[in-house]
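Q: Below is the sequence, then the predicted model.
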Amino acid sequence: MESISLKEKEKIIIVDFGSQFTKLIARRIREYGVLSEILNLKDFKNLNYSNYIKGIIFSGGPDTVVNKKIPNISRKIIKNNIPILGICFGLQLITKLFGGQVESKRKKREFGKAILRKNKNSTLTENFFTNDTSNVWMSHQDAVTRMPKYFTRIASTKDSPFTIIENVEKKIYGIQFHPEVTHTSKGKIIFKNFLFKICKIKPQWKIRSLKKQLIENIRNTVKEDNVICALSGGVDSSVAAILINKAIGKNLKCIMVDTGLLRKNEFKFTYKELKKKHNLNIKVINASHIYLKKLVNISDPERKRKIIGETFIKIFEKYSYKIKNVKYLAQGTLYPDIIESKSSTGSKTSKIKSHHNVGGLPKKMRFRLLEPLKDLFKDEVRNLGKELGLAANIREKHPFPGPGLAIRIIGKIDKRKIKLLQEADDIFTKSLIKYGLYKKIWQAYAALLPIKTVGVMGDSRTYEYMCLLRAVKSQDGMTANFYHFSKNFQETISNKIINNVPGINRVVYDISSKPPSTIELE
Ligand code: XMP
């Protein structure tokens with residue numbers, strides 16, 4: 001499917017040289033309300049220049065310009081005086097294109113944090129330095145060793161003498177570090193300066209334009225064919241399905257499998273919202289008894305995950321084969337899901353947990369994938385959900401794992417434990433919302449531990465389960481810190497859960513961060 005693009009609007013062209021961060025560059029630009037279009041080198045070479053193109057960014061990439069024929073870029077760009085910003089490989093390419101020198105610097109390669117020192121003022125770096133230094137994030141082993149003629153050095157690090165260079169007259173800028181990643185403390189300022197002070201582009205891009213464009217892209221891709229979609233109840237698949245429904249209406253057939261492992265009332269609420277309010281064509285399959293039966297006596301986390309994944313695929317296959325002429329399988333894949341599945345170093349990453357997304361592609365099925373959200377980040381999908389009128393409590397929900405509550409009930413699972421956990425989790429969530437904490441926390445949930453302890457309620461002895469609460473702050477789920485609740489909140493929530501959930505007589509709070517722990521317990 002086409003990437004996000006808009007015709008006849010001022011935009012920035014991003015030329016993708018294969019960096020894992022190219023989409024992050026586009027995202028930073030969208031954050032400033034500016035439209036960008038990502039092109040590969042071939043499409044870039046065939047690009048028709050118009051006044052709508054206000055700037056060009058060359059991304060980083062795994063390639064080298066050392067001892068290699070370098071790609072040519074059209075002289076038209078230079079002639080039209082369109083501003084260019086080269087990032088990492090982009091800087092090295094600019095250097096070679098204009099006659100400078102780049103060398104391989106194995107011994108002086110820079111990976112990770114580096115301290116950048118200012119040599120000279122530049123429009124690109126206005127407000128970027130504090131006391132003439134700034135923390136930046138590097139990932140390179142080739143480096144510029146001689147600037148091209150008519151370029152000026154703006155900043156350097158200990159190991160890279162030409163970390164930022166510019167040719168003001170031609171409006172060409174090159175930077176060795178990655179301003180698009182959050183580890184570069186003030187990276188956004190570089191984009192802001194480039195967009196508004198150098199390219200002088202107007203912020204015209206809105207989430208509404210994105211909605212219109214995505215719907216148009218879906219229509220152009222799918223045409224008269226049928227699409228099936230597994231609705232998990234989460235924000236990603238809901239937003240994807242609403243968009244597709246807007247594009248092709250009843251040719252979208254949704255399947256909602258009730259695993260019985262969602263949060264309290266979640267399945268019912270989501271079904272009602274999507275069916276009644278958004279008019280989706282949904283087939284509901286009540287499979288909670290199947291899941292319970294298959295999970296009986298299973299306590300190993302990986303086995304639980306495997307059983308749940310396979311059960312889902314079987315059910316999904318059975319029902320989807322009943323629908324005729326299906327060409328596409330819709331999924332709410334987001335951009336970070338794609339990054340996570342690739343290794344940033346090219347090496348095989350070790351499997352910590354086998355992730356399961358409800359809606360994961362059954363291997364045997366021969367559908368084409370339709371992934372309308374694949375260029376977007378979670379917060380952008382939430383905004384898009386708002387634009388589409390999706391209820392706030394679906395849109396703003398914390399992340400939830402595919403295997404659901406099964407991996408939050410440690411050890412063996414049964415119906416009563418699921419019910420206990422749903423009640424405790426519901427009280428926790430409602431309290432977080434009531435005290436204005438829900439949106440401050442990236443993910444929070446209750447888990448049920450397979451331990452019974454003694455308590456006393458009234459004059460009687462109790463011997464009941466222990467509930468664990470977990471709440472973390474995180475950017476992307478890859479790393480996380482536990483949230484510090486006030487003593488008052490801790491007291492309130494512990495009382496509420498114990499008083500209202502017979503079967504739980506003790507509440508503990510998880511004070512571990514990731515790494516070394518993970519966010520989920522299993
Ligand atoms: P961990 O526990 O690995 O979790 O630190 C990181 C994030 O991923 C979520 N998670 C999953 N999401 N299918 C999913 O779609 C899964 O199987 C799965 N397991 C964990 C977890 O909730 C957290 O947000």
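A: Perfect, thanks for sending it.

Q: what's the nearest residue to whichever residue of the stretch 51-200 of the chain sits closest to the ligand if we skip its chain neighbours?
A: Closest approach between the stretch 51-200 of the chain and the ligand, counting by CB to the nearest ligand atom: residue 182, at 17.6 Å. Where C-beta positions appear, they are placed from N, C-alpha and C, glycine not excepted. Nearest in space to residue 182, with sequence neighbours left out and distances taken as CB to CB, 6 or more residues apart in numbering, is residue 475 at 6.6 Å.

Q: for the residue of the stretch 51-200 of the chain closest to the ligand, helix, strand, or coil?
A: The assignment at residue 182 comes out as coil when based on DSSP: H, G, I helix; E, B strand; the rest coil.

Q: Can you check the pLDDT for it?
A: The predicted local confidence for residue 182 comes out at a pLDDT of 88.

Q: what's it sitting at in phi/psi?
A: Dihedral angles of residue 182 (phi, psi; degrees, to the nearest 10) stand at phi -70, psi -20.

Q: close enough to count as contact, it and residue 478?
A: No. Using CB atoms under 8 Å, residue 182 is not in contact with residue 478; the gap is 11.4 Å.

Q: thinking again about what came up before, how confident was the prediction at the residue nearest to residue 182?
A: Model confidence at residue 475, given as pLDDT, is 82.

Q: From what I see, residue 78 and residue 171 are in contact.
A: No. Counting by CB under 8 Å, residue 78 does not reach residue 171; the two are 9.5 Å apart.

Q: hey, C-alpha coordinates of stretch 322-337 in CSV?
A: Provided in CSV are the C-alpha atoms of stretch 322-337 (Å, rounded to 0.1, in the frame of the first residue of the first chain):
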residue,chain,number,x,y,z
LYS,A,322,-16.4,-19.2,5.3
ILE,A,323,-16.1,-15.7,3.8
LYS,A,324,-15.8,-15.8,0.1
ASN,A,325,-13.4,-13.9,-2.2
VAL,A,326,-11.1,-12.5,0.5
LYS,A,327,-7.9,-10.9,-0.8
TYR,A,328,-6.7,-8.9,2.1
LEU,A,329,-6.1,-9.4,5.8
ALA,A,330,-6.2,-6.1,7.7
GLN,A,331,-3.9,-5.6,10.6
GLY,A,332,-3.3,-2.7,13.0
THR,A,333,0.5,-2.9,12.7
LEU,A,334,2.2,0.2,13.8
TYR,A,335,5.6,1.5,12.8
PRO,A,336,7.3,0.6,16.1
ASP,A,337,6.0,-3.0,15.7
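
Q: Could I get the average pLDDT for that stretch?
A: Along stretch 322-337, the predicted local confidence has a mean pLDDT of 89.

Q: Likewise for stretch 245-258?
A: Mean pLDDT, computed over stretch 245-258, is 97.

Q: how about residue 284, what does it touch?
A: Taking CB atoms under 8 Å, 6 or more residues apart in numbering, we find residue 284 in contact with 256, 258, 271.

Q: what's near enough to touch the second one?
A: Just to be clear, that refers to residue 258. Residue 258 sits next to 267, 284, 285, 286, 287, 288 when contact means CB under 8 Å, 6+ apart.

Q: again with the first one
A: For residue 256, the contacting residues are 230, 231, 233, 267, 270, 271, 282, 283, 284, 285, by CB under 8 Å, 6+ apart.

Q: go on, the last one?
A: By CB under 8 Å, 6+ apart, the contact set of residue 271 is 256, 282, 284.

Q: Determine the three-state secondary structure at it.
A: Taken by three-state DSSP, the conformation at residue 271 corresponds to helix.

Q: Grab the nearest non-local neighbour of residue 83.
A: Counting by CB to CB, 6+ apart, residue 171 is the residue found nearest to residue 83 once chain neighbours are left out, at 4.0 Å.

Q: Next, count neighbours for the one you found.
A: As a burial measure, the neighbour count of residue 171 was computed by other CB atoms under 10 Å and equals 19.

Q: Quick check: it vs residue 398, distance?
A: For residue 171, the distance to residue 398 (CB to CB, to the nearest Å) stands at 44 Å.

Q: would CSV of the contacts of residue 258 with distance to the ligand and pLDDT be doable?
A: Formatted as CSV, the contacts of residue 258 follow (distance: CB to the nearest ligand atom, whole Å; pLDDT from 0 to 100):
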residue, distance to the ligand, pLDDT
267, 16, 97
284, 21, 97
285, 19, 97
286, 22, 97
287, 18, 98
288, 18, 98
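
Q: between the contacts of residue 284, which is closest to the ligand?
A: Comparing the contacts of residue 284 against the ligand with CB to the nearest ligand atom places residue 256 closest, at 16.2 Å.

Q: Bridge partners for the closest one, pull those for me.
A: Residues in a beta bridge with residue 256, per DSSP bridges, are residue 284.

Q: Residue 69: what secondary structure?
A: Of the three states, residue 69 takes coil according to three-state DSSP.

Q: got a pLDDT number for it?
A: Residue-level confidence at residue 69 comes out at 88, pLDDT.

Q: which SSE is the residue positioned nearest the centre of the chain in?
A: Here the mean C-alpha position of the chain is nearest to the C-alpha of residue 336 (CA atoms, centre = their mean), at a distance of 3.5 Å. Assessed by DSSP states H and E, residue 336 sits inside helix 335-341.

Q: list the helices and strands the next helix or strand after that helix packs on?
A: Tracing the chain past helix 335-341, the next element assigned as helix or strand by DSSP H and E is strand 368-370. Other elements packing on strand 368-370 under the criterion 3 or more CB pairs under 8 Å, 6 or more residues apart in numbering; DSSP states H and E are helix 207-222, strand 326-330.

Q: Please put the alpha-carbon coordinates of the longest one into PDB.
A: Spelled out, it's helix 207-222. This file holds the C-alpha atoms of helix 207-222, laid out as PDB (Å, rounded to 0.1, in the frame of the first residue of the first chain):
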ATOM      1  CA  ILE A 207      -4.600  14.700  11.300                       C
ATOM      2  CA  ARG A 208      -7.700  15.300   9.100                       C
ATOM      3  CA  SER A 209      -5.600  15.300   6.000                       C
ATOM      4  CA  LEU A 210      -4.000  12.000   7.100                       C
ATOM      5  CA  LYS A 211      -7.400  10.500   7.600                       C
ATOM      6  CA  LYS A 212      -8.600  11.500   4.200                       C
ATOM      7  CA  GLN A 213      -5.400  10.300   2.500                       C
ATOM      8  CA  LEU A 214      -5.400   6.900   4.300                       C
ATOM      9  CA  ILE A 215      -9.000   6.300   3.300                       C
ATOM     10  CA  GLU A 216      -8.100   7.200  -0.300                       C
ATOM     11  CA  ASN A 217      -5.100   4.900  -0.200                       C
ATOM     12  CA  ILE A 218      -7.100   2.000   1.100                       C
ATOM     13  CA  ARG A 219      -9.800   2.500  -1.600                       C
ATOM     14  CA  ASN A 220      -7.100   2.600  -4.300                       C
ATOM     15  CA  THR A 221      -5.500  -0.600  -3.000                       C
ATOM     16  CA  VAL A 222      -8.400  -2.800  -2.300                       C
END
